[in-house]
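Participant: What would the 3D arrangement of this be:
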Amino acid sequence: MTAGCTIRRASPPLHLAFLAVCGACHAAPAGAAELLSEDWQFNLTPYLWALSIEGDVTVKGVEASPSVSFNDILDNLNYAIMLEGDARKERIGLFANVIYADLGDSGTVGPGPGLSIKADAKMTIAGAGAYYRLGPWNLDREAGASGPRLVVDPYAGIRYTYMDTDLGFRRIERDVGADKHWVDPIIGVRTLWELTPRWNVNVLGDIGGFGISGASDLSWQAVGLVGYRFGLFGSDDANLVAGYRALSQDYKDGNGRDAFKWDMILHGPVLGLAIAF
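Facilitator: This next block holds a predicted model:
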């Protein structure tokens, strides 16, 4: 394989699983038991995103259309850190999150002994922003505040992506690598449905990029989570959430042999634990 070749979706080599990093960004903070409070409320959420990935990527003329499952990603994952936090007082809230993944693999391409390749990738996606809480609205007038309630959190912020990739071709003694980073402005809305004191639902979506000053042409995210609140260190201070998340990024930089393209959709089930304090 030489620069300018295209690796087709029908048989993506396993070494390209490094592209299936465990990315994401703002999944919006899990709701605390008090929808509005005069005191500061904090949530810290470690989580796992069992993602799959598909789309198109170009690194210095080397093009690929990977379609990689979570099992392929897990086989090539050295380690990943996924964490997000939230702070809110009354209607004003702030959020921040970070995901770091380190992946590596080696393999061969072509018949016979083929071409030996070593692939490594490190990726960080971080987000931060603010939201304003609207509501709560009682969904059952007869039950009032003791019944199901709804709040809506419009939010705005940024999503930062850093990617460091390297492909080493041993037979031809050539390396192809890219070190890219970009920042996407994002706007979105989250809805939090408190169905019972224990059960809750989060649904959110955002869009960003817009091709502004080196950002993605377009980025979007959609998340749906079902939560169950219980006591871990105190009374109802933990919310176990499970659901599905999808994140799309369409970023391009440069032309010709120096072109870099990341047009990918990352999606899969999510499991997390929000701890309030």
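Participant: Please count neighbours and contacts with C-alpha atoms only from this point.
Facilitator: OK.
Participant: The stretch 151-277 of the chain: strands as residue ranges?
Facilitator: Using DSSP state E, counting those that start in this stretch, the strands of the stretch 151-277 of the chain run over 174-194, 199-208, 218-230, 238-253, 260-276.
Participant: Could you tell me the end-to-end distance of stretch 226-236?
Facilitator: Terminal residues of stretch 226-236 are spaced 16 Å apart (CA to CA, to the nearest Å).
Participant: Pull out the buried positions in it.
Facilitator: V226, G227, Y228, R229, F230, D236 (16 or more other CA atoms under 10 Å).
Participant: List the contacts of it.
Facilitator: Stretch 226-236 is contacted by residues 33, 197-202, 237-243 when judged by CA atoms under 8 Å, 6 or more residues apart in numbering.
Participant: Could you check how far it is from the centre of its chain?
Facilitator: Stretch 226-236 sits 24 Å away from the centroid of its parent chain (CA atoms, centre = their mean, to the nearest Å).
Participant: Please apply the same query to stretch 207-221.
Facilitator: So, by CA atoms, centre = their mean, the centroid of stretch 207-221 is 15 Å from its chain's centroid.
Participant: From the centre of this structure, point out the most distant residue.
Facilitator: E142 (39.7 Å; CA atoms, centre = their mean).
Participant: ok but that one is inside a helix, no?
Facilitator: No: counting by DSSP: H, G, I helix; E, B strand; the rest coil, E142 falls outside a helix, being coil.
Participant: Give me the distance between it and V59.
Facilitator: Separation of E142 from V59 (CA to CA) stands at 60 Å.
Participant: same thing with L139?
Facilitator: In this view, L139 and V59 are 51 Å apart by CA to CA.
Participant: And for S52?
Facilitator: From S52 to V59 the distance is 20 Å (CA to CA).
Participant: what do you get for A101?
Facilitator: From A101 to V59 the distance is 19 Å (CA to CA).
Participant: One more: L225?
Facilitator: Distance from L225 to V59, by CA to CA: 35 Å.
Participant: TSV please, covering the buried residues of stretch 226-236 and showing distance to K252.
Facilitator: Output for the buried residues of stretch 226-236, formatted as TSV (distance: CA to CA, whole Å):
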residue	distance to K252
V226	35
G227	37
Y228	40
R229	42
F230	44
D236	45
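Participant: export these to JSON lines and tack on pLDDT and distance to L134?
Facilitator: Converted to JSON lines, these look like this (pLDDT from 0 to 100; distance: CA to CA, whole Å):
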{"residue": "V226", "pLDDT": "97", "distance to L134": "20"}
{"residue": "G227", "pLDDT": "96", "distance to L134": "20"}
{"residue": "Y228", "pLDDT": "97", "distance to L134": "22"}
{"residue": "R229", "pLDDT": "95", "distance to L134": "22"}
{"residue": "F230", "pLDDT": "95", "distance to L134": "25"}
{"residue": "D236", "pLDDT": "90", "distance to L134": "23"}
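Participant: from those residues, which single one is nearest V270?
Facilitator: Nearest to V270 among those, counting by CA to CA, is V226 at 10.1 Å.
Participant: Find the residue closest to the closest one in space, skipping its chain neighbours.
Facilitator: Among residues not flanking V226 along the chain, V201 sits closest, at 4.6 Å (CA to CA, 6 or more residues apart in numbering).
Participant: Nice, that's everything, thank you.
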